[in-house]
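1. Have a look at this prediction, sequence included:
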Amino acid sequence: MQTAKRGGFFGALSALFNDVKSSTRPPYALLNETFEACKTCEAMCVTACEENIIRLDDQKIPFLDFKTTGCSDCHKCMEVCTPNVLNDPNRFIQGHAKITMMNCMSHHGTICFSCKEPCLENAIVFKGMLHPIILPEKCTGCGYCIGVCPSGAIEMVA
């Protein structure tokens, strides 16, 4: 299944200039999972990810890298997970996006809707043309808003 890319021009710029880091674990993780079993795994979740956002840290523990795109909720990582740590289809990404106002272009007077455009959940609302906020209760944690932010003002929080 081919998914539509969300982000456009500013997303491409963001990928060049922002070093987006994340400690967010892949979707469908079992509650309180330590991911220790991943250290001896073949990392099939990395190759199965259709968005190419699952990476391994230096200890072979998977994390999500939202630098270029977000998670499409395709379930492919869960389907191939041999250590069975990604085995809860009811638990998507555990976290939500948050805007750091000091880094946000809109909060400094520049009209920018880069984060709002890819948000299918309408979790990002603006007060007027400026001042976006992310509603945690509506944010799924998909991460599509993170990589498209030209100033790197958005991060995933637990």
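-> Everything's here; your move.
2. Give me the below-cutoff pLDDT ranges for the protein.
-> Flagging of the chain using pLDDT under 70 yields the residue ranges 1-22.
3. Residue ranges of each domain in it, please.
-> What automatic domain parsing lists as the domains of the chain is 25-80, 96-157.
4. Can you add distance to Asn87 and mean neighbour count and give these back as JSON lines?
-> Using the backbone N, CA and C atoms, a C-beta is placed for each residue, glycine as well. Listed next are these as JSON lines, based on distance: least, CB to CB, whole Å; neighbours: other CB atoms under 10 Å:
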{"stretch": "domain 25-80", "distance to Asn87": "6", "mean neighbour count": "17"}
{"stretch": "domain 96-157", "distance to Asn87": "18", "mean neighbour count": "18"}
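5. just checking, His107 touches Ile133?
-> No - at 9.7 Å, His107 does not count as touching Ile133 under the criterion of CB atoms under 8 Å.
6. all strands of this structure, in order?
-> Ranges of strands in the chain, per DSSP state E, are 54-56, 62-64, 96-99, 124-127, 130-134, 154-157.
7. out of those strands, nearest to Ala29?
-> Proximity to Ala29 (CB to CB) singles out strand 62-64 among the strands of the chain, at 9.1 Å.
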